[in-house]
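1. Below: sequence and its predicted model.
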Amino acid sequence: MSFLSILSLCLSDWISILSALLVIYVSHFYYKYFTRPNPLPGPIPIPIFGTLHIIGINPRVWYIKNIEKAGSVWEFYIGHERNIVVNNINYAEKLCKPSKRIFKRLPFPAFERIGLNHGIFFNNEYNSWHKRRRLVIRALSAPKFLRGLVISVQNTFKESENIWEKSNLNGGIEFDFSKWIRCFLTDISTLQTTKQRSYSVATLNPNNDLVQSEDIKNALKFSAAAKKFSDSLGFFAFVPPFMQDYVPGFTHYRKSCERNIMFLNGIVDNIINKRRKELDEGAELDSDLLDHLLIAHTLKDPDSDNVENVASISAKEVSVLTWDILLAGTDTTGNAFSFLIYFVAKHPNVLAKIHQEIDKVLGPDPTVEFTFENIDNCHYIEAMVKESLRYILMVPYTVKLSEECENIAGYDWPIGTKFWIDHHSLCHNPDIWDDPETFNPDRFLSKNHDGSSEISDSQKITFAPFGCGLRGCAGKFVALTLLKTMTVMLFRKYNIELVKKDEMIKYRYTALNKVYDLNIRISLRDASSSS
Ligand code: HEM
């Protein structure tokens with residue numbers, strides 16, 4: 001027998017073995033699928049891809065076409081993993097109970113490599129999550145921080161105004177608002193968490209006259225590295241670790257991302273250590289988030305009458321929390337504000353009420369500095385922000401993993417079942433919300449604030465733009481404060497129109513609803529109303 005015939009025999013043997021394995025795998029996959037407990041409606045999966053080829057990554061795609069069939073609970077597959085989607089208020093209420101039983105998020109083991117599992121968002125270890133969440137909530141709700149935030153937004157906004165004023169504001173200037181707001185919030189959150197400027201808005205303008213000092217060059221390097229970090233999260237979340245380690249292109253990318261993260265952590269650690277030393281030596285407390293994180297629960301905490309003086313937070317912990325806050329707070333708030341601008345531009349009656357309230361609370365001068373307390377008195381603007389968050393949820397699904405058996409929809413589900421709460425459908429359920437497809441901020445305006453209705457219990461349960469249960473958003477109050485402050489800054493002085501008035505807003509779902517190409521025309525409010 002020649003070598004070639006042995007080789008060809010071996011090859012054909014291999015092919016037979018592989019084919020047999022494939023047949024066993026596919027048969028096993030479909031055996032498991034067709035004998036699964038509690039079968040629910042949903043697209044039929046294929047091995048490896050699950051239902052990706054039918055619904056992509058957004059479960060709404062199948063749901064909208066199959067509403068009748070799907071009912072209030074249905075299923076889809078990611079690979080061989082089964083996921084249950086619930087649209088029913090009673091099931092959602094059960095899964096949203098703040099209980100240790102329903103605590104874990106979908107695990108992303110590869111995040112361990114970049115340290116993201118040790119902060120809050122991706123941390124599935126209850127005790128360390130609990131300690132860190134308390135620290136963050138304490139820092140984010142400190143009155144000095146919130147007051148400082150409102151001022152910081154106004155100061156950062158003035159930098160954009162200076163750029164706009166160099167152009168022809170009377171004639172109106174056009175730009176992609178979704179890009180601008182991302183940069184604006186990057187500037188705000190970098191300043192709050194690291195005390196550093198990121199110059200994101202300034203670099204949006206190709207003719208920027210940034211003096212290329214060493215400090216500015218370093219800040220720009222930091223911003224570019226932070227953007228690379230944020231862009232690499234999808235890779236660490238979804239590319240399996242063995243591919244990251246052994247497939248050449250992936251390995252190269254992983255190594256470059258890890259070097260990038262080391263570079264960023266080095267800078268952040270230096271900033272934290274330097275600031276900690278300054279505070280220990282008696283430096284005055286700034287209003288930013290970094291200082292509030294460093295002193296939360298210590299004797300220096302000015303807002304606590306009941307100081308616990310828990311062992312002070314380590315630099316490593318502050319660093320990991322800094323990334324959590326930057327990653328969880330920037331894109332969510334930016335996209336929420338893009339949607340809000342779109343809704344207001346489409347509803348002149350809403351804009352008129354916003355103007356009325358701004359003029360009443362802040363007076364006619366559109367340049368006067370305002371405070372957190374002023375913002376707190378803008379009840380219509382708050383209602384409008386909430387309606388905007390109801391109409392389009394930035395995070396339309398939250399995923400709950402139960403650590404005990406759950407009875408949902410009359411079925412018993414095993415530990416670890418992945419339940420997707422469809423918050424979007426719940427916020428648009430006509431049995432719960434009157435005329436849910438109409439953008440109507442008044443529905444959130446209580447009788448105390450010139451409104452006519454009170455939000456019902458079912459509405460309270462289903463209105464969850466910030467998620468629900470133990471893992472609900474830690475920055476909810478900050479997000480509302482930012483959205484209200486930015487609304488006042490933009491609408492009190494400027495007139496905002498959509499460049500393509502009849503075009504629908506463009507956005508795509510990638511765990512978050514992300515807006516793109518939101519082209520607006522901005523001009524001075526007085527100039528346009530007098531024309
Ligand atoms: C409009 C803006 C925002 C929206 C729509 C939003 C929404 C959410 C949602 C839906 C979750 C997950 C909740 C769950 O799984 O049930 C979440 C978690 C979180 N958010 Fe936000 N968020 C926003 C802004 C912010 C801001 C400004 C910060 C920080 C300053 C922040 C910090 C966090 C953190 C740390 C978590 C993780 C909580 C945990 O796992 O315990 N978010 N957010």
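-> Yep, that arrived. Residues are numbered from 1 along each chain as shown.
2. Contact residues of this structure facing the ligand?
-> Contact residues, the chain versus the ligand (C-beta under 6 Å from any ligand atom): 120-121, 133, 140, 324-325, 328-329, 332-333, 336, 394-395, 398, 465-469, 471-475, 478-479. All C-beta spots, glycine's among them, are computed from the backbone N, C-alpha and C.
3. Identify those among the residues you listed that sit within strands.
-> Among the residues of the chain next to the ligand, the members falling in strands (DSSP state E) are Thr398.
4. What's the local residue count around Asn349?
-> 9 (other C-beta atoms under 10 Å).
5. element containing it?
-> helix 348-362 (DSSP states H and E).
6. model confidence over stretch 234-252, on average?
-> Averaged over stretch 234-252, pLDDT sits at 88.
7. so how far does it reach from one end to the other?
-> 16 Å (C-alpha to C-alpha, to the nearest Å).
8. Quick check: buried residues in it?
-> Phe236, Gln244, Phe250 (16 or more other C-beta atoms under 10 Å).
9. so which of these comes closest to Cys405?
-> Phe236 (31.8 Å; C-beta to C-beta).
10. what's the helix holding Asn349 packed up against?
-> Here helix 348-362 touches helix 315-346, helix 379-391, helix 476-493, going by 3 or more C-beta pairs under 8 Å, 6 or more residues apart in numbering; DSSP states H and E.
11. Now do it: everything it contacts.
-> Among residues not part of helix 348-362, those counted as contacts by C-beta atoms under 8 Å, 6 or more residues apart in numbering are 343-345, 368, 370, 374, 377-381, 384, 439, 441, 487-488, 491-492.
12. tell me which of the buried residues of stretch 234-252 is nearest to the ligand?
-> Phe236 (17.6 Å; C-beta to the nearest ligand atom).
13. Show the contacting residues for that closest one.
-> So Phe236 contacts Phe108, Ala110, Phe111, Arg113, Ile114, Leu116, Gln244, Cys257 (C-beta under 8 Å, 6+ apart).
14. which regions of the stretch 251-400 of the chain lie under the pLDDT threshold?
-> Counting by pLDDT under 70, the stretch 251-400 of the chain shows low-confidence ranges at 297, 299-312.
15. hmm, try it at 50
-> 310 (pLDDT under 50).
16. buried subset of the residues of the chain next to the ligand?
-> 120-121, 133, 140, 324-325, 328-329, 332-333, 336, 394-395, 398, 465-469, 471, 473-475, 478-479.
17. Most neighbours out of the contacts of Phe236, which is it?
-> Leu116 (22 neighbours).
18. What residues does that residue make contact with?
-> Neighbours of Leu116 in contact, by C-beta under 8 Å, 6+ apart: Phe108, Phe122, Leu233, Phe236, Val320, Trp323, Asp324.
19. of the residues you listed, closest to the ligand?
-> Distances from the ligand to those, taken by C-beta to the nearest ligand atom, are shortest for Asp324, at 5.0 Å.
20. Can you tell me the closest non-neighbouring residue to that closest one?
-> Gly119 (3.9 Å; C-beta to C-beta, 6 or more residues apart in numbering).
21. Also Asn123?
-> Per C-beta to C-beta, 6+ apart, closest to Asn123 is Trp129, 4.2 Å.
22. what about the one you found, neighbour count?
-> 22.
23. Give me the nearest residue to His463, chain neighbours excluded.
-> I think there's a mix-up here, since residue 463 is Phe and not His. In space, Phe463 is closest to Arg390, 5.9 Å off (C-beta to C-beta, 6+ apart).
24. And the one you found, how far from the ligand?
-> Noted for Arg390: a distance of 11 Å to the ligand, by C-beta to the nearest ligand atom, to the nearest Å.
25. Could you give the number of residues near that residue?
-> By other C-beta under 10 Å, neighbour count at Arg390 equals 25.
26. Surely it and Phe466 touch.
-> No. The criterion here is C-beta atoms under 8 Å, and Arg390 misses it with Phe466 at 11.5 Å.
27. Identify the residues contacting the residue nearest to the spatial centre of the chain.
-> Centroid-nearest residue in the chain, with C-alpha atoms, centre = their mean: Thr332, separated by 3.3 Å. Contacts for Thr332 (C-beta under 8 Å, 6+ apart) come out as Met394, Val395, Ala479, Leu512.
28. what's the pLDDT at the nearest residue to Ile48 once chain neighbours are set aside?
-> Closest residue to Ile48 apart from its sequence neighbours, by C-beta to C-beta, 6+ apart: Gly79 at 6.3 Å. Gly79 carries a pLDDT value of 87.
29. Now do the same contact list for Gly79.
-> Ile48, Phe49, Gly50.
30. Just the closest of these to the ligand, please.
-> Using C-beta to the nearest ligand atom, the contacts of Gly79 come closest to the ligand at Gly50, 21.9 Å.
31. Now the closest one. Nearest residue, chain neighbours left out?
-> The shortest distance from Gly50 to any non-neighbouring residue, by C-beta to C-beta, 6+ apart, is to Tyr77 (3.2 Å).
32. What residues are bridge-paired with the one you found?
-> Arg82 (DSSP bridges).
33. Now do the contacts for Asn513.
-> Counted by C-beta under 8 Å, 6+ apart, Asn513 has contacts Asn335, Phe339, Ile392, Leu393, Met394, Val395, Pro396, Tyr507.
34. Apply 10 Å and report the result again.
-> Shown in contact with Asn513 (C-beta atoms under 10 Å, 6 or more residues apart in numbering): 58, 332, 335-336, 338-339, 392-396, 424, 505, 507.
35. I'd assumed Phe463 was in contact with Cys96.
-> No. Taking contacts as C-beta atoms under 10 Å, Cys96 lies outside contact range of Phe463: 11.3 Å.
36. any residues in contact with both of these two?
-> His423.
37. Please report the distance of the closest residue to Leu482 other than its chain neighbours from Thr186.
-> Counting by C-beta to C-beta, 6+ apart, Thr333 is the residue found nearest to Leu482 once chain neighbours are left out, at 5.4 Å. According to C-beta to C-beta, to the nearest Å, Thr333 stands 11 Å off from Thr186.
38. Ok, Phe343 next?
-> From Phe343 to Thr186 the distance is 23 Å (C-beta to C-beta).
39. So these two - more neighbours on which side?
-> Thr186 (22 against 18).
40. Now the stretch 201-350 of the chain against the ligand: closest residue?
-> Counting by C-beta to the nearest ligand atom, the stretch 201-350 of the chain gets nearest the ligand through Gly329, at 3.0 Å.
41. Which pLDDT value goes with Thr438?
-> Reported pLDDT for Thr438: 98.
42. is it fair to say it lies in a helix?
-> No. The assignment for Thr438 (DSSP: H, G, I helix; E, B strand; the rest coil) gives coil, which keeps it out of a helix.
43. Tell me how many other residues crowd it.
-> Counted with other C-beta under 10 Å, Thr438 comes out at 11.
44. any idea how far His252 is from it?
-> Distance from Thr438 to His252, by C-beta to C-beta: 52 Å.
45. again with Met384
-> 48 Å.
46. again with Asp245
-> Distance from Asp245 to His252, by C-beta to C-beta: 11 Å.
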